[in-house]
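> Output the structure for:
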Amino acid sequence: MIDIMQLTPAELERFIHMQAIVDRQASAAAQVRALRAYYAGDHPTMLTQRQQEFLGPLVEGKQFTFAHNLVRSVVDTLRERLDLSGFTVNGAGIDDADIEDAPEPAAQLAALFWRWWAGNKIDSQQITLYRRALRDGKSYIIVDWDGQKGMPRFTLHSLDAGDVEPGIMLHHDPEDHNRILYATRYFYTFDPLNPGRTGVQRKTIYLPGEIRKYIQGKAGQWETYMDSGDLSWPLSWVDAQGAPLGIPVIEFATPGGSEMEQIIGLQNALNKTWLDLIAAADTSGFPLIAIEYTTEGGFNPIADDANIEGDDELHISPARVIQVDNARVHRLEAANLQPMIETKEAFVQAIAGVSRIPVYYLQPVGGAEVPSGEALKQLESGLVKRVQERQLVFGQAWADAMEIAYNIAKTFGAGLPEVDPLDIQAQWTDANVRNELQQAQVAEAYQRLGVPYDVVWTTLGFTPTDIAGFKGQARREEAVTVAAIAGELRRAGLAAQRPADSTPPVQQNGGTQ
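Residues are numbered from 1 along each chain as shown. Below is the predicted model:
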(Lines give C-alpha, C1' and ligand atoms only; values in the text may rest on other atoms or scores of the structure.)
Protein backbone atom coordinates (compact mmCIF):
# COMPACT_ATOMS: atom_id res chain seq x y z
CA MET A 1 0.00 0.00 0.00
CA ILE A 2 1.27 3.44 -0.91
CA ASP A 3 1.65 5.94 1.92
CA ILE A 4 1.06 9.22 0.12
CA MET A 5 2.36 11.12 3.15
CA GLN A 6 5.82 9.70 2.47
CA LEU A 7 5.86 10.91 -1.14
CA THR A 8 7.73 13.99 -2.24
CA PRO A 9 5.64 16.76 -3.85
CA ALA A 10 6.85 15.67 -7.31
CA GLU A 11 6.05 12.00 -6.58
CA LEU A 12 2.63 12.91 -5.19
CA GLU A 13 1.81 14.97 -8.27
CA ARG A 14 2.81 12.07 -10.52
CA PHE A 15 0.77 9.62 -8.42
CA ILE A 16 -2.34 11.82 -8.66
CA HIS A 17 -1.80 12.15 -12.42
CA MET A 18 -1.46 8.38 -12.90
CA GLN A 19 -4.61 7.75 -10.85
CA ALA A 20 -6.51 10.19 -13.06
CA ILE A 21 -5.25 8.34 -16.14
CA VAL A 22 -6.42 5.00 -14.71
CA ASP A 23 -9.86 6.42 -13.90
CA ARG A 24 -10.24 7.92 -17.39
CA GLN A 25 -9.15 4.66 -19.03
CA ALA A 26 -11.71 2.68 -17.01
CA SER A 27 -14.47 5.08 -18.05
CA ALA A 28 -13.32 5.02 -21.68
CA ALA A 29 -13.22 1.20 -21.67
CA ALA A 30 -16.84 1.02 -20.47
CA GLN A 31 -17.88 3.42 -23.22
CA VAL A 32 -16.10 1.35 -25.87
CA ARG A 33 -17.91 -1.80 -24.70
CA ALA A 34 -21.23 0.05 -24.96
CA LEU A 35 -20.43 1.26 -28.48
CA ARG A 36 -19.56 -2.25 -29.62
CA ALA A 37 -22.83 -3.55 -28.17
CA TYR A 38 -24.79 -0.85 -30.01
CA TYR A 39 -23.02 -1.65 -33.29
CA ALA A 40 -23.94 -5.32 -32.84
CA GLY A 41 -27.60 -4.37 -32.35
CA ASP A 42 -27.72 -4.97 -28.60
CA HIS A 43 -29.79 -1.88 -27.70
CA PRO A 44 -31.57 -1.25 -24.38
CA THR A 45 -35.12 -1.55 -25.70
CA MET A 46 -37.95 -2.17 -23.23
CA LEU A 47 -40.36 -4.74 -24.66
CA THR A 48 -43.77 -5.47 -23.23
CA GLN A 49 -44.55 -9.08 -22.39
CA ARG A 50 -46.54 -9.46 -25.59
CA GLN A 51 -43.78 -7.83 -27.70
CA GLN A 52 -41.23 -10.20 -26.22
CA GLU A 53 -43.21 -13.07 -27.71
CA PHE A 54 -42.50 -12.01 -31.28
CA LEU A 55 -39.76 -9.32 -31.12
CA GLY A 56 -37.33 -10.79 -28.61
CA PRO A 57 -37.81 -14.57 -28.53
CA LEU A 58 -35.54 -16.87 -26.60
CA VAL A 59 -34.01 -19.26 -29.15
CA GLU A 60 -31.71 -22.01 -27.90
CA GLY A 61 -30.78 -19.97 -24.84
CA LYS A 62 -30.09 -16.77 -26.80
CA GLN A 63 -32.28 -13.73 -26.19
CA PHE A 64 -32.72 -11.70 -29.38
CA THR A 65 -33.56 -8.05 -28.86
CA PHE A 66 -35.35 -5.64 -31.15
CA ALA A 67 -33.52 -2.70 -32.74
CA HIS A 68 -33.76 -0.70 -35.96
CA ASN A 69 -29.95 -0.54 -36.05
CA LEU A 70 -28.97 2.61 -37.94
CA VAL A 71 -25.74 3.22 -36.00
CA ARG A 72 -24.29 0.23 -37.84
CA SER A 73 -25.50 1.62 -41.17
CA VAL A 74 -23.77 4.94 -40.46
CA VAL A 75 -20.46 3.22 -39.70
CA ASP A 76 -20.63 0.81 -42.63
CA THR A 77 -21.63 3.49 -45.16
CA LEU A 78 -18.46 5.44 -44.35
CA ARG A 79 -16.30 2.33 -44.19
CA GLU A 80 -17.42 1.11 -47.62
CA ARG A 81 -15.83 4.17 -49.24
CA LEU A 82 -12.45 3.82 -47.54
CA ASP A 83 -10.30 1.78 -49.89
CA LEU A 84 -6.56 2.37 -50.07
CA SER A 85 -5.19 1.65 -53.55
CA GLY A 86 -1.45 2.34 -53.38
CA PHE A 87 1.46 4.45 -52.15
CA THR A 88 3.73 7.07 -53.60
CA VAL A 89 7.23 7.85 -52.36
CA ASN A 90 8.51 11.34 -53.12
CA GLY A 91 5.87 11.58 -55.84
CA ALA A 92 6.75 8.27 -57.55
CA GLY A 93 4.19 5.45 -57.57
CA ILE A 94 4.10 1.75 -58.28
CA ASP A 95 3.38 2.40 -61.97
CA ASP A 96 6.79 4.12 -62.23
CA ALA A 97 8.65 1.04 -60.96
CA ASP A 98 10.03 -0.98 -63.87
CA ILE A 99 13.36 -2.73 -63.42
CA GLU A 100 14.08 -2.65 -67.17
CA ASP A 101 13.88 1.13 -67.17
CA ALA A 102 16.16 1.41 -64.10
CA PRO A 103 13.62 3.32 -62.01
CA GLU A 104 14.61 5.71 -59.29
CA PRO A 105 14.83 4.31 -55.74
CA ALA A 106 11.64 6.12 -54.69
CA ALA A 107 9.61 4.22 -57.32
CA GLN A 108 11.21 0.92 -56.25
CA LEU A 109 10.29 1.65 -52.64
CA ALA A 110 6.68 2.48 -53.59
CA ALA A 111 6.43 -0.89 -55.35
CA LEU A 112 8.03 -2.58 -52.34
CA PHE A 113 5.47 -1.03 -49.99
CA TRP A 114 2.69 -2.45 -52.15
CA ARG A 115 4.29 -5.90 -52.08
CA TRP A 116 4.33 -5.72 -48.27
CA TRP A 117 0.68 -4.68 -48.37
CA ALA A 118 -0.24 -7.67 -50.56
CA GLY A 119 2.00 -10.06 -48.62
CA ASN A 120 0.16 -9.21 -45.39
CA LYS A 121 -3.26 -9.49 -47.09
CA ILE A 122 -4.21 -6.02 -45.84
CA ASP A 123 -6.45 -5.41 -48.85
CA SER A 124 -9.17 -7.34 -47.02
CA GLN A 125 -8.02 -6.62 -43.46
CA GLN A 126 -8.35 -2.87 -43.98
CA ILE A 127 -12.14 -3.37 -43.84
CA THR A 128 -11.86 -4.56 -40.23
CA LEU A 129 -9.32 -1.85 -39.38
CA TYR A 130 -11.50 1.05 -40.54
CA ARG A 131 -14.67 -0.44 -39.05
CA ARG A 132 -13.03 -0.61 -35.63
CA ALA A 133 -11.74 2.96 -35.93
CA LEU A 134 -15.13 4.35 -36.96
CA ARG A 135 -16.97 2.33 -34.31
CA ASP A 136 -14.63 2.68 -31.31
CA GLY A 137 -12.97 5.94 -32.30
CA LYS A 138 -9.54 4.28 -32.60
CA SER A 139 -7.90 1.13 -33.89
CA TYR A 140 -4.28 0.06 -34.17
CA ILE A 141 -1.66 -1.74 -36.23
CA ILE A 142 1.52 -3.20 -34.74
CA VAL A 143 4.50 -3.47 -37.10
CA ASP A 144 7.24 -6.06 -36.51
CA TRP A 145 9.53 -8.32 -38.56
CA ASP A 146 8.46 -11.62 -40.13
CA GLY A 147 11.65 -13.62 -40.43
CA GLN A 148 10.04 -16.42 -42.47
CA LYS A 149 8.69 -14.10 -45.18
CA GLY A 150 11.59 -11.68 -44.93
CA MET A 151 9.31 -8.64 -44.75
CA PRO A 152 7.59 -6.43 -42.16
CA ARG A 153 4.44 -7.84 -40.60
CA PHE A 154 1.31 -5.76 -39.93
CA THR A 155 -1.06 -7.01 -37.21
CA LEU A 156 -4.48 -5.47 -36.54
CA HIS A 157 -5.53 -4.66 -32.97
CA SER A 158 -8.46 -3.02 -31.18
CA LEU A 159 -8.73 -0.26 -28.62
CA ASP A 160 -8.55 -1.74 -25.13
CA ALA A 161 -12.00 -2.19 -23.59
CA GLY A 162 -11.00 -3.90 -20.36
CA ASP A 163 -12.42 -7.30 -21.36
CA VAL A 164 -11.07 -10.59 -22.69
CA GLU A 165 -10.57 -9.16 -26.19
CA PRO A 166 -6.93 -8.11 -26.80
CA GLY A 167 -6.57 -4.35 -26.64
CA ILE A 168 -4.07 -1.53 -27.07
CA MET A 169 -3.58 1.63 -25.02
CA LEU A 170 -1.32 4.52 -26.00
CA HIS A 171 0.11 6.64 -23.19
CA HIS A 172 0.78 10.27 -24.09
CA ASP A 173 3.07 12.81 -22.51
CA PRO A 174 0.86 14.93 -20.18
CA GLU A 175 2.72 18.06 -21.29
CA ASP A 176 2.68 17.20 -25.03
CA HIS A 177 -0.29 15.10 -26.07
CA ASN A 178 1.17 14.49 -29.55
CA ARG A 179 4.16 12.70 -28.01
CA ILE A 180 3.59 9.01 -27.22
CA LEU A 181 5.61 7.78 -24.24
CA TYR A 182 4.81 4.08 -24.61
CA ALA A 183 2.10 1.63 -25.62
CA THR A 184 0.65 -1.33 -23.75
CA ARG A 185 -1.11 -4.38 -25.07
CA TYR A 186 -3.18 -6.67 -22.84
CA PHE A 187 -4.25 -10.14 -23.97
CA TYR A 188 -4.86 -13.66 -22.72
CA THR A 189 -2.94 -16.81 -23.58
CA PHE A 190 -4.64 -19.55 -25.56
CA ASP A 191 -3.07 -22.98 -25.82
CA PRO A 192 -5.55 -25.83 -26.49
CA LEU A 193 -2.76 -28.39 -25.91
CA ASN A 194 -1.96 -26.98 -22.47
CA PRO A 195 -5.22 -26.01 -20.70
CA GLY A 196 -3.35 -24.96 -17.59
CA ARG A 197 -1.73 -22.10 -19.47
CA THR A 198 -4.88 -20.96 -21.25
CA GLY A 199 -6.59 -17.85 -19.96
CA VAL A 200 -3.51 -16.33 -18.32
CA GLN A 201 -3.27 -12.57 -18.81
CA ARG A 202 -0.27 -11.18 -20.67
CA LYS A 203 1.02 -7.65 -21.08
CA THR A 204 3.50 -6.21 -23.56
CA ILE A 205 4.95 -2.72 -23.20
CA TYR A 206 6.34 -1.05 -26.32
CA LEU A 207 8.99 1.61 -25.70
CA PRO A 208 10.89 3.54 -28.40
CA GLY A 209 14.01 1.37 -27.96
CA GLU A 210 12.86 -1.85 -26.30
CA ILE A 211 9.94 -4.25 -25.83
CA ARG A 212 9.05 -5.63 -22.41
CA LYS A 213 6.87 -8.74 -21.96
CA TYR A 214 5.05 -9.78 -18.78
CA ILE A 215 2.76 -12.57 -17.59
CA GLN A 216 0.44 -12.46 -14.61
CA GLY A 217 1.35 -14.83 -11.80
CA LYS A 218 -1.06 -16.77 -9.61
CA ALA A 219 -1.01 -14.04 -7.00
CA GLY A 220 -1.88 -11.42 -9.60
CA GLN A 221 1.58 -9.86 -9.80
CA TRP A 222 3.30 -9.19 -13.13
CA GLU A 223 6.35 -11.31 -13.90
CA THR A 224 8.86 -10.88 -16.73
CA TYR A 225 8.32 -13.30 -19.61
CA MET A 226 10.23 -14.43 -22.70
CA ASP A 227 8.54 -16.03 -25.71
CA SER A 228 10.22 -18.81 -27.66
CA GLY A 229 12.93 -17.24 -29.80
CA ASP A 230 13.45 -14.18 -27.61
CA LEU A 231 17.18 -13.61 -27.03
CA SER A 232 16.93 -11.24 -24.11
CA TRP A 233 14.64 -9.41 -21.72
CA PRO A 234 13.77 -6.75 -22.57
CA LEU A 235 13.98 -7.18 -26.31
CA SER A 236 16.25 -4.65 -27.96
CA TRP A 237 14.40 -2.48 -30.50
CA VAL A 238 17.15 -0.44 -32.14
CA ASP A 239 18.63 -0.09 -35.63
CA ALA A 240 22.16 -0.99 -36.77
CA GLN A 241 23.52 2.26 -35.33
CA GLY A 242 21.84 1.67 -31.95
CA ALA A 243 19.16 4.32 -32.44
CA PRO A 244 15.62 3.45 -31.24
CA LEU A 245 13.32 2.19 -34.01
CA GLY A 246 10.34 3.91 -32.39
CA ILE A 247 7.09 2.66 -30.93
CA PRO A 248 5.74 0.14 -33.50
CA VAL A 249 2.08 0.81 -32.62
CA ILE A 250 0.28 2.96 -35.19
CA GLU A 251 -3.00 4.59 -34.19
CA PHE A 252 -5.88 5.07 -36.64
CA ALA A 253 -8.05 7.67 -34.89
CA THR A 254 -11.38 8.91 -36.24
CA PRO A 255 -11.60 12.72 -36.10
CA GLY A 256 -13.98 13.63 -33.29
CA GLY A 257 -14.19 10.09 -31.90
CA SER A 258 -16.67 7.32 -32.67
CA GLU A 259 -19.10 7.98 -35.50
CA MET A 260 -21.85 6.49 -33.31
CA GLU A 261 -21.68 8.69 -30.22
CA GLN A 262 -23.62 11.62 -31.63
CA ILE A 263 -26.58 9.51 -32.76
CA ILE A 264 -27.02 7.12 -29.81
CA GLY A 265 -29.84 9.25 -28.34
CA LEU A 266 -31.63 9.44 -31.69
CA GLN A 267 -31.18 5.68 -32.10
CA ASN A 268 -32.87 5.10 -28.73
CA ALA A 269 -35.73 7.42 -29.72
CA LEU A 270 -36.15 5.58 -33.01
CA ASN A 271 -36.36 2.21 -31.24
CA LYS A 272 -38.89 3.61 -28.75
CA THR A 273 -41.05 5.02 -31.57
CA TRP A 274 -40.98 1.68 -33.34
CA LEU A 275 -42.17 -0.08 -30.17
CA ASP A 276 -44.97 2.46 -29.71
CA LEU A 277 -45.98 2.02 -33.34
CA ILE A 278 -45.96 -1.76 -33.00
CA ALA A 279 -48.03 -1.57 -29.80
CA ALA A 280 -50.55 0.74 -31.46
CA ALA A 281 -50.79 -1.53 -34.51
CA ASP A 282 -51.18 -4.53 -32.22
CA THR A 283 -54.12 -3.03 -30.33
CA SER A 284 -55.86 -0.69 -32.73
CA GLY A 285 -54.35 -1.18 -36.14
CA PHE A 286 -57.35 -3.24 -37.30
CA PRO A 287 -61.18 -2.94 -37.00
CA LEU A 288 -62.73 -3.99 -33.68
CA ILE A 289 -66.23 -5.17 -32.73
CA ALA A 290 -67.82 -3.20 -29.88
CA ILE A 291 -71.02 -4.31 -28.12
CA GLU A 292 -73.05 -1.65 -26.36
CA TYR A 293 -75.50 -3.04 -23.79
CA THR A 294 -78.77 -1.40 -22.89
CA THR A 295 -79.93 -1.12 -19.29
CA GLU A 296 -83.17 -2.98 -19.93
CA GLY A 297 -83.16 -6.67 -19.25
CA GLY A 298 -79.63 -6.84 -17.92
CA PHE A 299 -76.60 -8.34 -19.66
CA ASN A 300 -77.47 -11.47 -21.57
CA PRO A 301 -74.91 -13.89 -22.98
CA ILE A 302 -73.44 -13.28 -26.39
CA ALA A 303 -73.25 -16.14 -28.83
CA ASP A 304 -73.02 -16.86 -32.52
CA ASP A 305 -75.01 -19.26 -34.66
CA ALA A 306 -72.22 -21.82 -34.85
CA ASN A 307 -71.61 -22.11 -31.09
CA ILE A 308 -71.94 -25.40 -29.39
CA GLU A 309 -74.84 -25.44 -26.98
CA GLY A 310 -73.75 -24.35 -23.52
CA ASP A 311 -70.62 -22.56 -24.79
CA ASP A 312 -70.91 -18.90 -23.83
CA GLU A 313 -67.62 -17.88 -25.49
CA LEU A 314 -67.90 -15.57 -28.46
CA HIS A 315 -66.29 -16.88 -31.63
CA ILE A 316 -65.72 -14.41 -34.46
CA SER A 317 -64.68 -15.74 -37.85
CA PRO A 318 -65.94 -15.67 -41.46
CA ALA A 319 -69.49 -16.97 -42.10
CA ARG A 320 -70.61 -16.47 -38.49
CA VAL A 321 -73.38 -14.21 -37.21
CA ILE A 322 -73.21 -12.49 -33.83
CA GLN A 323 -76.38 -12.85 -31.76
CA VAL A 324 -76.93 -10.46 -28.86
CA ASP A 325 -79.90 -9.54 -26.69
CA ASN A 326 -80.59 -6.06 -25.36
CA ALA A 327 -77.41 -4.68 -27.03
CA ARG A 328 -76.14 -2.94 -30.13
CA VAL A 329 -73.07 -4.01 -32.09
CA HIS A 330 -70.68 -1.39 -33.45
CA ARG A 331 -67.63 -1.58 -35.72
CA LEU A 332 -64.64 0.46 -34.55
CA GLU A 333 -62.42 1.32 -37.50
CA ALA A 334 -58.65 0.90 -37.34
CA ALA A 335 -56.70 3.78 -35.85
CA ASN A 336 -54.75 6.12 -38.11
CA LEU A 337 -51.11 5.15 -37.58
CA GLN A 338 -49.73 7.63 -40.12
CA PRO A 339 -48.70 10.26 -37.49
CA MET A 340 -46.62 7.67 -35.66
CA ILE A 341 -45.09 6.49 -38.93
CA GLU A 342 -44.16 10.08 -39.73
CA THR A 343 -42.59 10.44 -36.28
CA LYS A 344 -40.47 7.35 -36.92
CA GLU A 345 -39.38 8.73 -40.29
CA ALA A 346 -38.54 12.07 -38.65
CA PHE A 347 -36.02 10.32 -36.39
CA VAL A 348 -34.47 8.62 -39.44
CA GLN A 349 -34.20 12.04 -41.08
CA ALA A 350 -32.59 13.43 -37.93
CA ILE A 351 -29.98 10.64 -37.87
CA ALA A 352 -29.25 11.31 -41.55
CA GLY A 353 -28.83 15.02 -40.86
CA VAL A 354 -26.52 14.60 -37.87
CA SER A 355 -24.36 11.90 -39.47
CA ARG A 356 -24.49 13.53 -42.96
CA ILE A 357 -25.40 10.12 -44.41
CA PRO A 358 -28.07 10.58 -47.14
CA VAL A 359 -31.41 9.27 -45.92
CA TYR A 360 -31.79 6.85 -48.84
CA TYR A 361 -28.95 4.82 -47.28
CA LEU A 362 -30.91 4.49 -44.03
CA GLN A 363 -34.39 3.45 -45.15
CA PRO A 364 -35.93 1.46 -48.01
CA VAL A 365 -36.73 3.61 -51.02
CA GLY A 366 -38.14 3.08 -54.48
CA GLY A 367 -35.93 3.36 -57.52
CA ALA A 368 -37.42 6.69 -58.55
CA GLU A 369 -36.47 8.21 -55.19
CA VAL A 370 -32.74 7.56 -55.57
CA PRO A 371 -31.10 10.63 -57.16
CA SER A 372 -28.59 10.43 -59.96
CA GLY A 373 -26.21 12.66 -61.85
CA GLU A 374 -25.62 16.13 -60.46
CA ALA A 375 -28.41 15.73 -57.86
CA LEU A 376 -26.64 12.68 -56.43
CA LYS A 377 -23.36 14.60 -56.29
CA GLN A 378 -24.97 17.45 -54.40
CA LEU A 379 -26.77 15.23 -51.88
CA GLU A 380 -23.65 13.18 -51.17
CA SER A 381 -21.29 16.15 -50.81
CA GLY A 382 -21.40 15.98 -47.00
CA LEU A 383 -20.74 12.22 -46.97
CA VAL A 384 -17.89 12.60 -49.47
CA LYS A 385 -16.27 15.34 -47.36
CA ARG A 386 -16.41 13.15 -44.27
CA VAL A 387 -14.82 10.26 -46.16
CA GLN A 388 -12.09 12.50 -47.57
CA GLU A 389 -11.32 13.84 -44.09
CA ARG A 390 -10.86 10.29 -42.82
CA GLN A 391 -8.75 9.42 -45.84
CA LEU A 392 -6.35 12.22 -44.86
CA VAL A 393 -6.10 11.05 -41.25
CA PHE A 394 -5.91 7.33 -41.99
CA GLY A 395 -3.55 8.02 -44.90
CA GLN A 396 -1.08 9.71 -42.53
CA ALA A 397 -1.33 6.71 -40.22
CA TRP A 398 -0.50 4.39 -43.13
CA ALA A 399 2.46 6.64 -44.04
CA ASP A 400 3.73 6.34 -40.45
CA ALA A 401 3.25 2.55 -40.56
CA MET A 402 5.20 2.23 -43.81
CA GLU A 403 7.99 4.49 -42.56
CA ILE A 404 8.56 2.41 -39.44
CA ALA A 405 8.24 -0.77 -41.55
CA TYR A 406 10.97 0.64 -43.83
CA ASN A 407 13.26 1.26 -40.86
CA ILE A 408 12.56 -2.23 -39.50
CA ALA A 409 13.30 -3.80 -42.91
CA LYS A 410 16.59 -1.90 -43.16
CA THR A 411 17.54 -3.24 -39.71
CA PHE A 412 16.52 -6.88 -40.08
CA GLY A 413 16.50 -7.27 -43.88
CA ALA A 414 18.80 -6.38 -46.74
CA GLY A 415 18.87 -4.89 -50.23
CA LEU A 416 16.47 -1.99 -49.71
CA PRO A 417 16.74 1.15 -51.84
CA GLU A 418 18.01 4.18 -49.94
CA VAL A 419 15.62 7.13 -50.06
CA ASP A 420 16.33 10.27 -48.06
CA PRO A 421 14.33 12.37 -47.43
CA LEU A 422 11.31 10.07 -47.34
CA ASP A 423 7.86 11.45 -48.22
CA ILE A 424 5.18 8.72 -48.21
CA GLN A 425 1.65 9.43 -49.42
CA ALA A 426 -1.30 7.01 -49.36
CA GLN A 427 -3.49 6.81 -52.47
CA TRP A 428 -7.25 6.19 -52.14
CA THR A 429 -10.00 5.27 -54.54
CA ASP A 430 -12.44 8.09 -55.30
CA ALA A 431 -14.89 8.74 -52.44
CA ASN A 432 -17.61 9.71 -54.92
CA VAL A 433 -20.05 7.19 -56.34
CA ARG A 434 -18.74 6.10 -59.70
CA ASN A 435 -20.67 7.22 -62.76
CA GLU A 436 -19.08 5.10 -65.49
CA LEU A 437 -20.65 7.01 -68.39
CA GLN A 438 -19.65 10.41 -67.03
CA GLN A 439 -16.13 9.21 -66.17
CA ALA A 440 -15.72 7.74 -69.65
CA GLN A 441 -16.77 11.04 -71.21
CA VAL A 442 -14.32 12.99 -69.05
CA ALA A 443 -11.52 10.52 -69.83
CA GLU A 444 -12.27 10.79 -73.57
CA ALA A 445 -12.09 14.60 -73.33
CA TYR A 446 -8.78 14.35 -71.47
CA GLN A 447 -7.38 12.08 -74.17
CA ARG A 448 -8.35 14.53 -76.94
CA LEU A 449 -6.60 17.31 -75.02
CA GLY A 450 -3.41 15.27 -74.82
CA VAL A 451 -3.57 14.58 -71.08
CA PRO A 452 -1.12 11.77 -70.08
CA TYR A 453 -2.57 8.30 -70.08
CA ASP A 454 -1.85 7.91 -66.35
CA VAL A 455 -4.35 10.68 -65.59
CA VAL A 456 -6.90 9.22 -68.01
CA TRP A 457 -6.66 5.78 -66.43
CA THR A 458 -6.91 7.25 -62.92
CA THR A 459 -10.04 9.16 -63.98
CA LEU A 460 -11.59 5.85 -65.00
CA GLY A 461 -10.94 4.50 -61.51
CA PHE A 462 -8.04 2.15 -62.22
CA THR A 463 -5.63 1.48 -59.36
CA PRO A 464 -1.84 2.02 -59.55
CA THR A 465 -1.45 -1.76 -59.89
CA ASP A 466 -3.84 -1.78 -62.88
CA ILE A 467 -2.00 1.13 -64.48
CA ALA A 468 1.36 -0.57 -63.99
CA GLY A 469 -0.07 -3.65 -65.72
CA PHE A 470 -1.35 -1.54 -68.63
CA LYS A 471 2.07 0.04 -69.05
CA GLY A 472 3.83 -3.31 -68.89
CA GLN A 473 1.52 -4.79 -71.51
CA ALA A 474 2.01 -1.74 -73.76
CA ARG A 475 5.80 -2.04 -73.43
CA ARG A 476 5.68 -5.74 -74.28
CA GLU A 477 3.50 -5.11 -77.34
CA GLU A 478 5.80 -2.27 -78.42
CA ALA A 479 8.85 -4.53 -78.00
CA VAL A 480 7.25 -7.20 -80.18
CA THR A 481 6.42 -4.60 -82.86
CA VAL A 482 9.96 -3.13 -82.79
CA ALA A 483 11.50 -6.61 -83.02
CA ALA A 484 9.32 -7.45 -86.03
CA ILE A 485 10.25 -4.20 -87.80
CA ALA A 486 13.94 -4.73 -87.01
CA GLY A 487 13.75 -8.24 -88.44
CA GLU A 488 12.19 -6.99 -91.66
CA LEU A 489 14.82 -4.24 -91.99
CA ARG A 490 17.60 -6.73 -91.33
CA ARG A 491 16.33 -9.10 -93.99
CA ALA A 492 15.87 -6.23 -96.44
CA GLY A 493 19.42 -5.04 -95.77
CA LEU A 494 20.89 -8.48 -96.39
CA ALA A 495 19.00 -8.76 -99.68
CA ALA A 496 20.32 -5.37 -100.81
CA GLN A 497 23.93 -6.34 -100.02
CA ARG A 498 23.81 -9.68 -101.90
CA PRO A 499 25.81 -9.58 -105.28
CA ALA A 500 23.79 -9.85 -108.48
CA ASP A 501 25.65 -12.98 -109.67
CA SER A 502 25.17 -14.74 -106.40
CA THR A 503 21.89 -16.16 -107.59
CA PRO A 504 22.29 -19.94 -107.72
CA PRO A 505 22.00 -21.50 -111.23
CA VAL A 506 18.68 -22.95 -112.26
CA GLN A 507 18.57 -26.71 -112.66
CA GLN A 508 16.84 -27.85 -115.86
CA ASN A 509 16.46 -31.41 -117.12
CA GLY A 510 19.06 -32.67 -114.66
CA GLY A 511 21.76 -30.25 -115.90
CA THR A 512 23.05 -26.78 -115.22
CA GLN A 513 22.15 -23.85 -117.44
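> Shouldn't residue 152 be within a strand?
Yes: counting by DSSP: H, G, I helix; E, B strand; the rest coil, residue 152 falls inside a strand.
> so it makes contact with residue 146?
Yes: contact criterion CB atoms under 8 Å: residue 152 and residue 146 qualify, at 6.9 Å. Where you see a C-beta, it was placed from the backbone N, CA and C, and this is true even at glycine.
> higher neighbour count, these two?
Between residue 152 and residue 146, counted using other CB atoms under 10 Å, residue 152 has the larger neighbour count: 24 against 16.
> Mind pulling up the pLDDT for residue 202?
As summarised for this prediction, residue 202 has a pLDDT of 87.
> which stretch of helix or strand covers it?
For residue 202, the element it lies in under DSSP states H and E is strand 201-206.
> next SSE after that strand?
strand 210-216.
> Pull the contacting residues for residue 395.
Applying CB atoms under 8 Å, 6 or more residues apart in numbering to residue 395 gives the contacts 84, 425, 426, 428.
> Remind me which helix or strand it belongs to.
Counting by DSSP H and E, residue 395 is part of helix 381-412.
> Now that helix: buried residues?
The neighbour-count criterion (16 or more other CB atoms under 10 Å) identifies 383-384, 386-387, 390-391, 394-395, 397-409, 412 as the buried residues of helix 381-412.
> go on, stretch 230-237?
Using 16+ other CB under 10 Å as the burial criterion, the residues of stretch 230-237 that qualify are 235, 237.
> gap between the two ends of that stretch?
Chord length of stretch 230-237, first to last residue, is 12 Å (CA to CA, to the nearest Å).
> Give me the contacts around the strand holding residue 202.
142, 182-189, 211-216, 222, 225, 237, 247-249.
> switch to 10 Å and redo it
Contacts of strand 201-206 with the rest of the structure, by CB atoms under 10 Å, 6 or more residues apart in numbering, involve 142, 144, 164, 166, 168, 170-171, 180, 182-189, 211-217, 220, 222, 225, 227, 234-235, 237, 246-249.
> again with stretch 220-235
So stretch 220-235 is contacted by 147, 189, 200-207, 209-217 (CB under 10 Å, 6+ apart).
> what about 6 Å?
With CB atoms under 6 Å, 6 or more residues apart in numbering as the test, stretch 220-235 has contacts from 210, 211, 212, 213, 214, 215, 217.
> Quick check on those: which are buried?
For the contacts of stretch 220-235, buried by 16+ other CB under 10 Å: 210, 211, 212, 213, 214.
> For stretch 363-380, measure first residue to last.
16 Å.
> average model confidence for the helix holding residue 395?
For helix 381-412, the per-residue pLDDT averages 93.
> Report the next helix or strand after that helix in sequence order.
Next along the chain after helix 381-412, taking DSSP H and E as the criterion, comes strand 424-428.
> Show me what that next one pairs with in its sheet, parallel or antiparallel.
Strand 424-428 sits in its sheet next to strand 84-89 (antiparallel), going by DSSP bridges.
> Mind giving me the PyMOL command for buried ones among the contacts of strand 201-206?
Of these, the buried ones can be selected in PyMOL as follows, counting by 16+ other CB under 10 Å:
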select buried, resi 142+144+168+170+180+182+183+184+185+186+187+211+212+213+214+216+225+235+237+246+247+248+249
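> out of the contacts of strand 201-206, which are inside helices?
Using DSSP state H, the subset of those located in helices is empty.
> So which of the contacts of strand 201-206 belong to strands?
If you go by DSSP state E, the contacts of strand 201-206 have 142, 144, 168, 170-171, 180, 182-188, 211-216, 222, 235, 249 in strands.
> quick revisit: which of the residues in the strand holding residue 202 are buried?
Under the neighbour-count criterion of 16+ other CB under 10 Å, strand 201-206 has 202, 204, 205, 206 buried.
> strand partners of it, parallel vs antiparallel please.
strand 176-188 (antiparallel), strand 210-216 (antiparallel).
> got the contact list for the shortest one?
When contacts are defined by CB under 6 Å, 6+ apart, strand 210-216 is touched by residues 201, 202, 203, 204, 205, 222, 223, 225, 234, 235, 237.
> how near is residue 423 to residue 92?
Distance of residue 423 to residue 92, computed by CB to CB, to the nearest Å: 10 Å.
> okay, those two: which has more neighbours?
Neighbour totals were compared for residue 423 and residue 92, and residue 92 leads with 20 against 12 (other CB under 10 Å).
> List the residues that contact that one.
Applying CB under 6 Å, 6+ apart, the residues near residue 92 are 106, 107, 110.
> and if we set it to 8 Å?
103, 104, 106, 107, 110.
> any idea how far it is from residue 429?
20 Å.
> what sits up against the helix or strand harbouring residue 343?
Following DSSP H and E, one finds residue 343 within helix 338-355. Contacts with helix 338-355, where a contact means CB under 8 Å, 6+ apart, come from 70, 74, 259, 262-263, 266-267, 269-270, 273-274, 276-277, 280, 357-359, 361-363.
> Quick one: low-confidence residue ranges for the stretch 151-300 of the chain.
Residue ranges of the stretch 151-300 of the chain with pLDDT under 70: 164, 191-198, 294-300.
> make it 50
By pLDDT under 50, the stretch 151-300 of the chain contains no weakly predicted segment.
> and the next element down the chain from the helix or strand containing residue 34?
Counting by DSSP H and E, the element that carries residue 34 is helix 9-39. Proceeding N to C from helix 9-39, the next assigned helix or strand is helix 49-54, under DSSP H and E.
> Residue 293 is in contact with residue 327, correct?
Yes: between residue 327 and residue 293 there is a contact at 4.6 Å, judged by CB under 8 Å.
> Apart from its neighbours in sequence, what residue is nearest residue 328?
Distance criterion CB to CB, 6 or more residues apart in numbering; nearest residue to residue 328, sequence neighbours excluded, is residue 292 at 4.7 Å.
> Three-state assignment for that neighbour, please.
Going by three-state DSSP: residue 292 is strand.
> just checking, it touches residue 327?
Yes: using CB under 8 Å, residue 292 is in contact with residue 327, at 6.1 Å.
> So if I had to pick from these two, which one is more boxed in?
Neighbour comparison, residue 292 and residue 327: the larger count goes to residue 327, with 15 against 9 (by other CB under 10 Å).
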